[in-house]
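Chemist: Pasting the sequence and the predicted coordinates here, then a few questions.
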Amino acid sequence: MTLEEAIRMAIEYEMKVRDVYVDAAKRSAGTAGDGLFRLMADEEQQHVDYLVERLREWKETGKVNPGDVRTAVPSPEAIAAGLSSIEDSLAGESSGAEMEFLRKAFEAERETCGFYEKVIGELGDQGQRMFGRFLDIERGHLALVKAQIDALSGTGHWFDIQEFTLE
């Protein structure tokens with residue numbers, strides 16, 4: 001795989017996951033999950049924009065300056081605080097649709113992480129420089145979506161950590 005092919009494929013993956021969040025945000029407007037879906041759709045669009053710019057740069061110069069990829073996903077502490085308020089607001093609310101959207105998002109994020117892992121492996125240092133930060137961010141997205149699924153499903157887990165025991 002060439003760097004150009006990897007960038008093109010990354011754009012496709014980012015657009016796919018963005019579209020999952022855009023659809024979820026539209027269909028869940030006014031619900032507890034609406035804010036998360038809008039945040040994630042915006043972030044994925046920023047990734048698309050970044051990659052399109054890198055592809056343009058590659059075509060014009062034959063080089064790519066990976067630059068800095070940023071994330072709007074809050075810190076784990078902010079996520080914890082936000083999930084507490086989300087759990088409170090979900091009391092008595094049907095979460096079937098949001099759960100469906102979250103599962104689709106989880107699968108799209110998982111596939112995207114797998115793609116970045118593959119690209120980094122195939123392109124070595126060049127892939128790591130270009131896509132390493134994307135992999136970190138997408139893994140964060142995956143953890144955030146998983147935490148949201150756990151909060152909605154009431155499993156007693158948060159980020160795969162059991163919040164209570166029966167003993």
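Modeler: Great, that's in hand.
Chemist: what about Gly30, which SS state?
Modeler: Secondary structure for Gly30, judged by DSSP: H, G, I helix; E, B strand; the rest coil, is coil.
Chemist: what's the average pLDDT for the lengthiest helix in the chain?
Modeler: Ordering each helix of the chain by length in residues (DSSP state H) puts helix 96-153 first. Here helix 96-153 scores 88 as its mean pLDDT.
Chemist: Kindly report the same for stretch 64-71.
Modeler: Taken as a whole, stretch 64-71 has a mean pLDDT of 80.
Chemist: Identify the residues contacting that stretch?
Modeler: The contact list for stretch 64-71 (C-beta atoms under 8 Å, 6 or more residues apart in numbering) reads 3, 7, 43, 46-47, 50, 54, 57-58, 129-130, 133-134, 137, 140. In this view, the C-beta of every residue, glycine as well, is placed from N, C-alpha and C.
Chemist: now with 7 Å?
Modeler: Leu3, Glu43, Tyr50, Arg54, Glu57, Trp58, Arg129, Met130, Arg133, Phe134, Ile137, Gly140 (C-beta atoms under 7 Å, 6 or more residues apart in numbering).
Chemist: Show me what counts as buried in it.
Modeler: Val64, Val69 (16 or more other C-beta atoms under 10 Å).
Chemist: Alpha carbons of it, as CSV, please.
Modeler: The C-alpha trace of stretch 64-71 is given here as CSV (Å, rounded to 0.1, in the frame of the first residue of the first chain):
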residue,chain,number,x,y,z
VAL,A,64,3.2,15.1,3.5
ASN,A,65,3.7,17.1,6.7
PRO,A,66,1.7,15.1,9.1
GLY,A,67,1.2,18.1,11.4
ASP,A,68,-1.0,17.8,14.4
VAL,A,69,-4.3,16.0,14.6
ARG,A,70,-6.4,17.3,17.4
THR,A,71,-9.3,15.8,19.3
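Chemist: thinking again about what came up before, packing partners of the longest helix of the chain?
Modeler: helix 3-27, helix 34-61, helix 76-89, strand 157-158 (3 or more C-beta pairs under 7 Å, 6 or more residues apart in numbering; DSSP states H and E).
Chemist: what residue lies at the spatial centre of the protein?
Modeler: Nearest to the geometric centre of the chain sits His141, at 3.4 Å (C-alpha atoms, centre = their mean).
Chemist: Excluding chain neighbours, give the residue nearest to that one in space.
Modeler: Closest residue to His141 apart from its sequence neighbours, by C-beta to C-beta, 6 or more residues apart in numbering: Glu109 at 4.9 Å.
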